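Q: Prediction below, plus the sequence it came from.
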Amino acid sequence: MSAPADQQVDEQRIAEEIERFKRSSPSSLFYIARSRPNADAPTAPSPSRVLEHIEYIRSLQDTGVLFCAGMTIDESGTPLSDSIMIVRAKDADEATRIVGSDPLHRDDIRHFTIERLRVNFGSVNFRVTFPGTAVSFE
């Protein structure tokens with residue numbers, strides 16, 4: 001027994017929309033890094049290592065590699081142990097190199113996983129910063 005005509009049309013339209021997303025999405029550009037503390041790390045990171053980590057993240061932001069980053073929090077705003085970075089990279093190997101170069105990952109203080117992100121919905125705004133001024137485009 002075949003599907004009703006309207007269901008066939010819906011299935012065809014859904015398939016067409018999925019293909020359109022695949023072609024138009026910048027999915028090859030974005031990777032999510034989920035980072036967790038290494039339970040086997042001998043000590044917590046030193047203040048100088050944390051500062052080095054922050055400087056590294058800022059360098060990724062300044063060069064346009066970092067899309068966003070932050071700690072996960074609970075409903076009251078209390079930080080949880082995980083953090084997330086979304087980076088632009090040509091492939092998973094490059095994303096792994098980028099995230100793995102973070103001092104907290106490089107020194108095995110934290111572990112991370114990489115997942116590819118297909119962006120189907122949303123918009124991207126950008127900001128250009130010149131010495132003394134910034135211009136936003138939306």
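A: Everything's here; your move.
Q: What is the least confident helix or strand in this structure?
A: strand 133-137 (a mean of 59; mean pLDDT, DSSP states H and E).
Q: Give me the residue ranges of the chain where confidence is low.
A: Where the chain drops to pLDDT under 70, the residues are 1-9, 18-28, 123-138.
Q: mind redoing it with 80?
A: Applying pLDDT under 80 to the chain flags residues 1-10, 13-28, 119-138.
Q: so what secondary structure elements neighbour the longest strand along it?
A: When the chain is parsed with DSSP state E, its longest strand is strand 79-88. On a contact count with 3 or more C-beta pairs under 8 Å, 6 or more residues apart in numbering; DSSP states H and E, strand 79-88 meets strand 30-37, helix 47-62, strand 66-73, helix 92-100. From N, CA and C alone the C-beta is placed, and that goes for glycine too.
Q: Beta-bridge partners for the most centrally placed residue in the chain, please?
A: Central residue of the chain (C-alpha atoms, centre = their mean): residue 86, 1.3 Å from the mean position. Counting by DSSP bridges, residue 86 is bridged to residue 32, residue 68.
Q: Next: residue 115.
A: For residue 115, the beta-bridge partners under DSSP bridges are residue 32.
Q: Who are the contact partners of it?
A: 31-32, 34 (C-beta atoms under 8 Å, 6 or more residues apart in numbering).
Q: Most neighbours out of the residues you listed, which is it?
A: Within these, neighbour counts (other C-beta atoms under 10 Å) peak at residue 31, which reaches 24 neighbours.
Q: Can you give me the neighbour number for the nearest residue to that residue once chain neighbours are set aside?
A: When the adjacent residues along the chain are set aside, residue 31 lies closest to residue 95, with 3.6 Å between them (C-beta to C-beta, 6 or more residues apart in numbering). Residues lying near residue 95 (other C-beta under 10 Å) number 26.
Q: how close does residue 95 sit to residue 49?
A: Going from residue 95 to residue 49 by C-beta to C-beta, to the nearest Å gives 22 Å.
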